[in-house]
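# Would you be able to build a 3D model of this:
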Amino acid sequence: MLLMGDNVLVEGNIIGLDATGASIVANGSSGIAIGGSNGTIGGTTAAARNVISGNANNGITTGNGTGNVISGNYIGTNAAGNAARGNSNTGIYITSGATGTVVGGSVAGAGNVISANYNNGITVYANGTVIKGNYIGVNALGNGSLANSSSAIYLIANSAVVGGNTSTQRNVLSGNGGSGVYIDGSSNTVIGNYIGLNAAGTNHIANAVDGVHVVNGSGNIIGTANSGEGNVISGNATYGIELEAPSTGTVIKGNYIG
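Numbering: from 1, shown residues only. Below is the predicted model of the structure:
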């Protein structure tokens, strides 16, 4: 599905699976490619949810449009959200021109399930991307792994926000084949997430590498001292947080690590 207009609404579809949402019937490229601005893919109710799985490229690819919202979808799973039907590349691929993209949201039902894809859950090249309230690498109940093959969020951009200070803004970034969050950029904020845990925060669902891995850039923030803004980063296979040179000015506050 190629969408080039502005203010497009896409909801209630099954894209890349059969009509039951159980078996893969792959499209030859991305499930959805959106090139316009201010579009909405999904919504906050089960009826508005798109199931975008099994496609031969990304689940969703954004173009140069701004202000698009992707919420409430299952991307890489079956329609029940409990079995892997991965897209052959990334769950959501956000190109550099897609500034101001919002993945998930701050209210109940806005979060996506982005799991079991054959690369990252989300790959971000656009500055100012907001990622809140999603389950990435786990099933729709948040209690078991449906691993993306690489990282939950692969962030090569600046000024992104991952998470928030309420339970509905919290991302669960667990069970992935890479890190929970991989950052190569500056002035990004990672707050209030569960990284390496189930959605209840009671058991480990380990990422296979680090919880948060920062390789470059400056001024990134991982947690704050404000209420609800510390991350819980536990149970991951290697480091809770790893900073590589030449990362500078990283601030790490208020987190529970291990």
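
# CA atoms for contacts and neighbours, from now on please.
Noted.

# now the end-to-end length of stretch 60-78.
Terminal residues of stretch 60-78 lie 16 Å apart, using CA to CA, to the nearest Å.

# Check the gap between residue 219 and residue 180 for me.
The separation that residue 219 has from residue 180, given CA to CA, amounts to 19 Å.

# Name the helix or strand of the chain that has the lowest mean pLDDT.
strand 2-3 (a mean of 74; mean pLDDT, DSSP states H and E).

# now for it, which elements pack on it?
The contact analysis (3 or more CA pairs under 8 Å, 6 or more residues apart in numbering; DSSP states H and E) places strand 2-3 against strand 32-34.

# helices and strands around the strand it packs on, which ones?
Strand 32-34 is packed against strand 2-3, strand 60-62, with contacts defined by 3+ CA pairs under 8 Å, 6+ apart.

# where does residue 7 land in three-state SS?
coil (DSSP: H, G, I helix; E, B strand; the rest coil).

# what about the residue found closest to it once you drop the neighbours it is linked to in the chain, how many residues close to it?
Of all residues not flanking residue 7 in the chain, residue 39 sits nearest, at 4.4 Å (CA to CA, 6 or more residues apart in numbering). Residue 39 has 23 neighbouring residues, counting by other CA atoms under 10 Å.

# likewise residue 218?
Residue 218: 19 neighbours (other CA under 10 Å).

# now do the one 10 residues further on
Around residue 228 there are 18 other residues, counting by other CA under 10 Å.

# go on, residue 53?
Residue 53, neighbours per other CA under 10 Å, totals 39.

# Could you pull up the residues touching it?
Residue 53 makes contact with 15-17, 24, 26, 31, 59, 74-78, 85-87, according to CA atoms under 8 Å, 6 or more residues apart in numbering.
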